[in-house]
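J.: Curious how this folds, go ahead:
(chains A and B)
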Amino acid sequence: MSGSERASALRAERLIGQLLTGVTYVSVALLLVGVGLLIAAGISPVSGGPGMDPGRLVSDLVGLKPAGFLWIGLLAVIAAPIARVTVALVAYVRDKDWLMVGVSSAILLVIATAIGSAIVSTV
Amino acid sequence: MIGGGAAAGVFGSLLGLGGGILIVPLLTLGFGLPLREAVGVSLVSVMMTSSAAAGVYLERHVANLRLGMTLELFTATGALVGGSVAFLLDERFLSLLFAALLTYVAFTMLQARSRDTALSADVPEVDTSPGNGPPPRPTVLDRLGGDGYQVRNLGRGVVGALGAGVASALLGIGGGIIKVPLMHLSMGVPLRVATATSNLMIGITAAASAVIYLIHGGIDPYVAGPTGIGVFLGATAGSRLGHRLDLRYLRLLFVVVLGYTALQMLVRALE
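T.: Numbering: from 1, shown residues only, chains lettered A, B, ... in the order given. All right, here's what the predicted structure looks like:
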């Protein structure tokens, strides 16, 4: 790896690290608000929460319902590593690192297959 | 639930485990949740702690991103298989698998002192001195190595990563107990780098199966929120407490807790 390639890789690592840390803290903040609302409403955590309904997320957030904050926080937790791989893919394309472009693309394909297969099996 | 999650996070962090190994028994045995739901919640909780730690490791350039991404392609594939199979398996069989995992971890904890010595002594030395003639074209393994070490046995790494992915998806664990020794002992990666890289890999591995649990309705937000917050806060506190405590007694206590939990899971499996 040449000096400029190495410098570029280190920059990408720092950016990805900051992205992961940032998204994690945002998700922790959202979950804290959700848990606070859960406690304030006197809802038991083992009472059975609502399933994820994308159509209700915004209205639950605006209506200060715990499920809205909890679901957005949980989705952010799951999305953080996927975003990390996407950012890495862009960095590897820019550096013309075709081996890692292939690896990053294959990882995203596995995630897409997981989502697709789960949707198909629940229909 | 927040307190239980925090205890799992503190214990996990102090003893070098992700905490997932304690979350599933806590939720099933302590709160009466079905095992699969507990696994879904555990996956999200270990993702929270691993993402925060992995971010710091990457910013400090401790984790090997290229190696981590190469191996996580296979852990994610394993997790895709494990996550899909998890909804077809009998919960009693999963409980039996979990009891076996707890017993294995308890035994490795008992042997931890001698293993720590072996691990630290086994870092391979790499000759990085320049030779004569033009440098050979770098191989894939050369390109996955880092400062002062070369990666070897990629095939073994791939097989181990697949297994770690399946175990993570079935049992809701980060899988560091498999990946760290695999990278360090089989692939020649220094222990510190192996630990950081394993942490980095948890995120995408757990994401591959978490999306399956999510779509199948296997994640309850009312349980995942408090548990995740508890584990995150506990792991953060544990990482600050680590150097101030005598871990010998804690490790022994942990072995007892693991043994008791394994027995309870076994009873659950045989019910």
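
J.: Write out the residues of the stretch 51-200 of chain B neighbouring chain A.
T.: Contacts of the stretch 51-200 of chain B with chain A, taken as Cβ under 8 Å from any Cβ of the partner chain, map to B:51-52, B:54-61, B:65-66, B:69-70, B:72-73, B:76-77, B:79-80, B:83-84, B:87, B:140, B:143. Yep, even glycine has a C-beta here, placed from its N, CA and C like the rest.

J.: List only buried entries from those residues.
T.: Burial by neighbour count, 16 or more other Cβ atoms under 10 Å in any protein chain shown: within these this picks out B:51-52, B:54-59, B:61, B:65-66, B:69-70, B:72-73, B:76-77, B:79-80, B:83-84.

J.: if we can go back for a sec, could you tell me which of the residues of the stretch 51-200 of chain B next to chain A belong to helices?
T.: B:51-52, B:54-59, B:65-66, B:69-70, B:72-73, B:76-77, B:79-80, B:83-84, B:140, B:143 (DSSP state H).

J.: what is the mean pLDDT for the strand or helix carrying B:A196?
T.: For B:A196, the host element (DSSP states H and E) is helix B:191-215. Averaged across helix B:191-215, the pLDDT comes to 90.

J.: Flag every buried residue along the helix or strand just after that helix.
T.: With elements assigned by DSSP H and E, the helix or strand that comes after helix B:191-215 is helix B:221-241. By 16+ other Cβ under 10 Å, the buried positions in helix B:221-241 come out as B:221-236, B:238-239.

J.: what subset of the residues you listed is also close to chain A?
T.: Within these, those near chain A by Cβ under 8 Å from any Cβ are B:221-226, B:228-229, B:232.

J.: Low-confidence ranges, the stretch 1-150 of chain B, go.
T.: For the stretch 1-150 of chain B, applying pLDDT under 70 flags the ranges B:12-18, B:112-138.

J.: same question, chain A
T.: Within chain A, the segments meeting pLDDT under 70 span A:1-3.

J.: From the centroid of it, which residue is nearest?
T.: A:A79 (1.3 Å; Cα atoms, centre = their mean).

J.: State the distance from the closest residue to that residue other than its chain neighbours to A:L75.
T.: Distance criterion Cβ to Cβ, 6 or more residues apart in numbering or on different chains; nearest residue to A:A79, sequence neighbours excluded, is A:V23 at 7.2 Å. According to Cβ to Cβ, to the nearest Å, A:V23 stands 11 Å off from A:L75.

J.: likewise B:A38?
T.: B:A38 sits 20 Å away from A:L75, going by Cβ to Cβ.

J.: Tell me if I'm right that B:G218 and B:R36 touch.
T.: Yes: counting by Cβ atoms under 8 Å, B:G218 touches B:R36, with 5.5 Å between them.

J.: Show me whatever sits in contact with both of these two.
T.: Here B:G218 and B:R36 have B:F87 as joint contacts, going by Cβ atoms under 8 Å, 6 or more residues apart in numbering or on different chains.

J.: for stretch A:100-110, the distance to its chain's centre please.
T.: 17 Å (Cα atoms, centre = their mean, to the nearest Å).

J.: who's in contact with it?
T.: A:82, A:85-86, A:88-89, A:92-93, B:66, B:69-70, B:72-73, B:76-77, B:80, B:204, B:208.

J.: returning to what we had before: report the angle between the helix holding B:A196 and helix B:221-241.
T.: 170 degrees (axes from the mean of the first three to the mean of the last three Cα atoms, to 10 degrees).

J.: In helix B:191-215, which residues are buried?
T.: Buried, per 16+ other Cβ under 10 Å, within helix B:191-215: B:191, B:193-215.

J.: what about the closest residue to B:T77 other than its chain neighbours, which helix or strand?
T.: Leaving aside its chain neighbours, B:T77 sits nearest to A:V110 (5.5 Å; criterion: Cβ to Cβ, 6+ apart). For A:V110, the host element (DSSP H and E) is helix A:98-122.

J.: dump the residue contacts of the closest residue to B:L154 other than its chain neighbours.
T.: Nearest residue to B:L154, sequence neighbours excluded (Cβ to Cβ, 6+ apart): B:L141, at 6.0 Å. B:L141 sits next to B:150-152, B:154 when contact means Cβ under 8 Å, 6+ apart.

J.: Tell me, how many residues neighbour B:V159?
T.: By other Cβ atoms under 10 Å in any protein chain shown, the residues close to B:V159 number 15.

J.: ok, so what distance separates it from B:L182?
T.: On the measure of Cβ to Cβ, B:V159 and B:L182 end up 9 Å apart.

J.: okay but the residue nearest to A:A79 is in contact with A:A80, surely?
T.: Yes: when contacts are counted by Cβ under 8 Å, A:V23 is listed as touching A:A80 (4.1 Å).

J.: Neighbour count for those two, which is higher?
T.: Applying other Cβ under 10 Å to A:V23 and A:A80 shows that A:A80 carries more neighbours, namely 27 against 20.

J.: Check whether the more buried one sits in a helix, strand or coil.
T.: Recorded secondary structure, A:A80: helix (DSSP: H, G, I helix; E, B strand; the rest coil).

J.: is it true that it touches A:Y25?
T.: No: contact criterion Cβ under 8 Å: A:A80 and A:Y25 do not qualify, at 10.3 Å.

J.: Count the neighbours of the closest residue to B:A161 other than its chain neighbours for me.
T.: Among residues not flanking B:A161 along the chain, B:F74 sits closest, at 3.8 Å (Cβ to Cβ, 6+ apart). B:F74 has 23 neighbours, counted by other Cβ under 10 Å.
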